[in-house]
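Visitor: Here is my input, please return the structure:
(chains A and B)
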Amino acid sequence: GENVEQHPSTLSVQEGDSAVIKCTYSDSASNYFPWYKQELGKGPQLIIDIRSNVGEKKDQRIAVTLNKTAKHFSLHITETQPEDSAVYFCATQSNDYKLSFGAGTTVTVRA
Amino acid sequence: NAGVTQTPKFRVLKTGQSMTLLCAQDMNHEYMYWYRQDPGMGLRLIHYSVGEGTTAKGEVPDGYNVSRLKKQNFLLGLESAAPSQTSVYFCASRPGTAMNTEAFFGQGTRLTVV
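Guide: From the prediction side, this is the model:
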């Protein structure tokens, strides 16, 4: 099965600074790369996704980059705010119905 | 909009007891999934279903069974609970029109097996 590695496991940033989370994957057939945010006591929620025919996608303060050759993709959060504090998961999907998740990154934004 | 609803939200079981977790979605989604979330291990797929009447094993299926008798419901059963099954369980659903689509998650069920 797919192996998704996510780093770092914890990340503490000053409010206003940027946060970057990186994921690598093993299955070259992976073609869909979503990022989920999980707030305390809630289920994960999609914040951005990218497909294999796109190298970068941006949505306000959030951006995702994909390098299919190197099999890695990253989440970038700019101008971090306290409400960005949460656990973030990357995921991949290849030509099946299953999403494989990374182990998660706990992001803390310090005021 | 209810979305994906999990029942119950919390449960404590004794070793060897059985229980069923219910997942209900009102979005007419074809695909449904059960994941477990453990510290440092992310979300691991237990079982999934690609349509009413179908089920398939995921990454960690041992000790669990599932059924999808109705399109809107996906049940996860533990026949004889073990302490290793202490976890937070999440159900998710996705449309069947395309594979690269958003998964919608429930709020989770926190299960403790003592």
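
Visitor: How about the residues of chain B by chain A?
Guide: Residues of chain B lying close to chain A (Cβ under 8 Å from any Cβ of the partner chain) are B:4, B:31, B:33, B:35, B:40-45, B:48, B:50, B:58-59, B:90, B:92, B:94, B:99-100, B:102-103, B:105-108. (C-beta placed from N, C-alpha, C; glycine too.)

Visitor: Find the nearest non-adjacent residue to the residue of chain A found nearest chain B, please.
Guide: Of all residues in chain A, A:Gly43 sits closest to chain B, at 3.3 Å by Cβ to the nearest Cβ. With Cβ to Cβ, 6 or more residues apart in numbering or on different chains as the criterion, A:Gly43 has its nearest non-adjacent residue at 3.3 Å, and that residue is B:Phe105.

Visitor: Bridged to the residue of chain B at minimum distance from chain A, which residues?
Guide: Chain B approaches chain A most closely through B:Phe105 (3.3 Å), counting by Cβ to the nearest Cβ. For B:Phe105, the beta-bridge partners under DSSP bridges are B:Ala92.

Visitor: same question, A:Val64
Guide: A:Lys57, A:Leu75.

Visitor: Can you get me a residue count around the residue nearest to A:Gly43?
Guide: Using other Cβ atoms under 10 Å in any protein chain shown, B:Phe105 has 23 neighbouring residues.

Visitor: Kindly report the same for A:Leu40.
Guide: By the criterion of other Cβ under 10 Å, A:Leu40 has 7 neighbours.

Visitor: Low-confidence bits of the chain, can you list those?
Guide: Reading this off chain A. A:1 (pLDDT under 70).

Visitor: hmm, I had chain B in mind actually
Guide: Within chain B, the stretches with pLDDT under 70 are B:1, B:97-100.

Visitor: Would you point out which residue is most central in it?
Guide: Centroid-nearest residue in chain B, with Cα atoms, centre = their mean: B:Trp34, separated by 2.8 Å.

Visitor: isn't that residue right up against B:Phe74?
Guide: Yes - counting by Cβ atoms under 8 Å, B:Trp34 does reach B:Phe74; the two are 6.8 Å apart.

Visitor: Need the overlap of contacts for the two.
Guide: Counting by Cβ atoms under 8 Å, 6 or more residues apart in numbering or on different chains, the contacts common to B:Trp34 and B:Phe74 are B:Cys23, B:Val66, B:Cys91.

Visitor: can you pull the contacts of the second one?
Guide: By Cβ under 8 Å, 6+ apart, the contact set of B:Val66 is B:Trp34, B:Ile46, B:His47, B:Ser49, B:Thr55, B:Phe74, B:Leu75, B:Leu76, B:Gly77.

Visitor: Any idea how many residues pack against the closest residue in space to B:Val60 that isn't next to it in sequence?
Guide: In space, B:Val60 comes closest to B:Arg44 once its chain neighbours are excluded; the distance is 5.0 Å by Cβ to Cβ, 6+ apart. Residues lying near B:Arg44 (other Cβ under 10 Å) number 17.

Visitor: Doesn't B:Arg44 lie inside a helix?
Guide: No - with DSSP: H, G, I helix; E, B strand; the rest coil as the criterion, B:Arg44 is strand rather than part of a helix.

Visitor: so what's the closest residue in space to B:Gly58 that isn't next to it in sequence bridging to?
Guide: Distances taken as Cβ to Cβ, 6+ apart place B:Leu45 nearest to B:Gly58, at 3.2 Å, with adjacent residues excluded. Beta bridges link B:Leu45 to B:Tyr35 when assigned by DSSP bridges.
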